[in-house]
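**Student:** Could you look at this predicted model? Sequence included:
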Amino acid sequence: ALPGEDARRAAPPAGRLERKRGVGAMDHRAARLFVCYLQGIDERRFMGLARALAAVGHLVMTPYLPELASLEATPDTVTRIVAAASALSKKTPGEMVAIGISVGGGLTLLAAAQGRTHSPISRVVAIGSHHDLVRVARHYAGVTATDLNGHKARLKPHPYGIQVLAYAHAAHLFSAADLPTARTLLGLHLKQQYRRARKHIDSLSADGQTLMRALLEDPSGSLVAARLQAAIAQVLGELRAVSPAGQLGGLKVPVMLLHGETDPIIPATELSWLADEVPDELLLAALVTPVLTHTDFPDGADAMDFFALVRFVAQMLPDR
């Protein structure tokens, strides 16, 4: 199981609220809905950002969405993002910016596009986000993603993304008898408990052992690619249901898009598709930057690239 799964089985909290010490909710400068990505609301980088925003006077909510940790989001996840935004909007009169990271960014766009006349979301910032999870999943399965003009993604997918996809759709990769053990072993591996993950591989069937070893040792190889392609074909509807592709017709709020040029989790080619689908009058900014990978800062970016990112962030966080 991935981090957060055990907690999800109990009564989950709605989320975490960060505020400036000594400041009442209604007195904050503005509200920020912070939709995290694969590591969830306890990931140290996102906790740090949420607290930094709160420290300068923003009321910040990070909703509890543990299914993002295993790419098992559903349309219900989008509904709960809307509910979190509605709850947060009642706590402060300021403009509410919804910041979605990775898969959370695509889901936040869907939440803002649900066609409500009075959306609680005033602006969406999608960072490293997907447009079409089918295309991203196929990228993991060896079919290189392309941008709107047919240019191929520069980077091969990170093994982590391949393994998370396999975890999410293990039921279409492993036999029913192997499934519980297979998910447990993949979950352990994703939590970096590598020895424990390998310890029980022999308890799988012969085919299960072959596939599991390939997933753990050669996730970019031909065996995994072929199995993933077959699995993806069985879950196209599920992937499309949580993809912004073709579902942004109800969007009425401004959007900002940011993607790391060397993102190995969700290819930067996805930004061009998102930018094309967001109406021109609502697209405030779309930036692919070498200053970011997926959520980290690589070495070597020049001063102008940093300036462009700072300008993006300044526009991203307006006061009320």
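**Tutor:** That came through, no problem.

**Student:** Any chance of the backbone angles for the spatially most central residue of the chain?
**Tutor:** If you average the C-alpha coordinates of the chain and look for the closest C-alpha using CA atoms, centre = their mean, you land on V103, 2.0 Å from that point. Its backbone dihedrals place V103 at phi -60, psi -30, with angles given as degrees, to the nearest 10.

**Student:** hey, where'd the strands end up in the stretch 1-150 of the chain?
**Tutor:** Residue ranges of the strands in the stretch 1-150 of the chain, as given by DSSP state E, counting those that start in this stretch, are 15-18, 30-35, 58-63, 96-101, 123-127.

**Student:** measure the residue lying closest to V235 once chain neighbours are set aside to A52 for me?
**Tutor:** Distances taken as CB to CB, 6 or more residues apart in numbering put H169 closest to V235, at 5.8 Å, once the chain neighbours are dropped. Just so you know, the C-beta spots here come from the backbone N, C-alpha and C atoms, and that holds for glycine as well. Spatial separation of H169 from A52 under the definition CB to CB, to the nearest Å is 36 Å.

**Student:** pretty sure Y64 is touching D42, no?
**Tutor:** No. Between Y64 and D42 there is no contact under CB atoms under 8 Å: 9.9 Å.

**Student:** So between the two, which is more surrounded?
**Tutor:** When Y64 and D42 are compared on other CB atoms under 10 Å, the one with more neighbours turns out to be Y64, at 20 against 15.

**Student:** Would you list the phi and psi of L258?
**Tutor:** Main-chain torsions, L258, degrees, to the nearest 10: phi -140, psi 140.

**Student:** Pull the contacting residues for it.
**Tutor:** By CB atoms under 8 Å, 6 or more residues apart in numbering, the contact list for L258 reads 125-128, 285-287, 289, 292, 309, 312.

**Student:** just to revisit the earlier point, just so I know, which of the strands of the stretch 1-150 of the chain lies nearest A225?
**Tutor:** Comparing these by their distance to A225 (CB to CB), the top pick is strand 96-101, with 27.1 Å.

**Student:** Which strands or helices does that closest one pack on?
**Tutor:** With contacts taken as 3 or more CB pairs under 8 Å, 6 or more residues apart in numbering; DSSP states H and E, strand 96-101 sits against strand 30-35, helix 75-89, helix 103-112, strand 123-127.

**Student:** want to try JSON lines for these, with mean pLDDT and distance to L274 as columns?
**Tutor:** Formatted as JSON lines, those follow (pLDDT from 0 to 100; distance: least, CB to CB, whole Å):
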{"stretch": "strand 30-35", "mean pLDDT": "62", "distance to L274": "15"}
{"stretch": "helix 75-89", "mean pLDDT": "88", "distance to L274": "16"}
{"stretch": "helix 103-112", "mean pLDDT": "93", "distance to L274": "7"}
{"stretch": "strand 123-127", "mean pLDDT": "92", "distance to L274": "7"}
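
**Student:** which one of the ones you listed lies closest to G161?
**Tutor:** Nearest to G161, of all these, is helix 103-112, at 10.4 Å by CB to CB.

**Student:** got the angle for the closest one vs helix 75-89?
**Tutor:** Note on geometry: by axes from the mean of the first three to the mean of the last three CA atoms, to 10 degrees, helix 103-112 and helix 75-89 are set 70 degrees apart in direction.

**Student:** Does helix 103-112 pack against any helices or strands, and if so which?
**Tutor:** With contacts taken as 3+ CB pairs under 8 Å, 6+ apart, helix 103-112 sits against strand 30-35, helix 75-89, strand 96-101, strand 123-127.

**Student:** To K252, which of these lies closest?
**Tutor:** strand 123-127 (10.7 Å).

**Student:** The closest one pairs with which strands?
**Tutor:** Each strand paired with strand 123-127, and its direction, by DSSP bridges: strand 96-101 (parallel), strand 255-260 (parallel).

**Student:** Let me know the pLDDT of R320.
**Tutor:** At R320, the model reports a pLDDT of 48.

**Student:** begin at 579 from here
**Tutor:** Fine by me, first position is 579 from now on; the one you just mentioned is R898.

**Student:** Quick check on H747 and A630: which one has the bigger neighbour count.
**Tutor:** Summary of the neighbour comparison: H747 and A630, criterion other CB under 10 Å, with H747 having more neighbours (22 against 12).
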